[in-house]
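>>> Next input, structure requested:
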Amino acid sequence: MGRRNEHTREELREISLQAAEQLVIAHGLMGLSARKVAAGIGYTVGSLYMVFRNFDDLIIQMNERTLDALYEKLAAAVTNPPSPTAAIEALAQTYLAFALSETNRWLALYEHRMPEGQAAPDSFAEKVARMFELVQQHLASLCPHRSFEEISLAARALWSGIHGVCVLSLDRKLESIGGRTMQQVANSLLDNYLAGFVAQGVSR
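Residues are numbered from 1 along each chain as shown. Got it, this is the predicted structure:
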């Protein structure tokens, strides 16, 4: 790997994030450190802080790349959906597939905690919000008489359930409560939640 005088600041940022991602993929977030990233790219730890404010900034930027990758897959899954219900099901299945195929990167999104008193940057929150917007768009099509507030809350409630299915499955907890697969539990959650959401909207 080249030394510091062989890379621009942007190139150093890119190779650092790539190295961080590879460490997380191999060892999880607990296996990531500034020292390991620096060693992996042939630089000093001090050099990292020429392009990152601190270690948390490096992790946030790495996690934002994961959010971008997840969003691209979610958006591609609903390019031409036959119905709003099919779109929501496709989003859920894509989310499940990402959690299974990119488990350590996915877990890093939720395992990282900012220091007390500090919030994640707006850019991170915006990337999370645009994923919810995908769900909200199709929920609104499914039940157009619902208010924006109801749609927004439903998107978060529904996705929290899908996320919980992922966590339980990856922890192998679902095996201990009936041997159902992640997909089966997720489909049951979707079918029943969406049926109730539509029925309540129609009955008003």
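
>>> which element is the residue sitting nearest the centre point of the chain on?
The geometric centre of the chain, computed from its C-alpha atoms, lies nearest to Leu67 (C-alpha atoms, centre = their mean), at 4.9 Å. According to DSSP states H and E, Leu67 maps onto helix 55-77.

>>> Name the residues of that helix that are buried.
For helix 55-77, the neighbour count (16 or more other C-beta atoms under 10 Å) marks 55, 58-64, 66-67, 70-71, 74, 77 as buried. For every residue, glycine as well, the C-beta is placed using N, CA and C.

>>> And the residues you listed, which two are furthest apart?
Farthest-apart pair in the buried residues of helix 55-77 is Phe55 and Ala77; separation 33.5 Å (C-beta to C-beta).

>>> For Trp159, which residues are in contact?
Trp159 makes contact with Tyr95, Phe132, Val135 under the criterion C-beta atoms under 8 Å, 6 or more residues apart in numbering.

>>> separation between it and Val128?
Trp159 sits 10 Å away from Val128, going by C-beta to C-beta, to the nearest Å.

>>> what about the protein, any weak spots by pLDDT?
When residues are selected by pLDDT under 70, those of the chain lie in 1-5, 173-179, 201-204.

>>> any idea where the strands of it begin and end?
Under the criterion DSSP state E, the chain carries no strands.

>>> care to break it down by domain?
Domain assignment of the chain by automatic domain parsing yields the ranges 1-52, 60-203.
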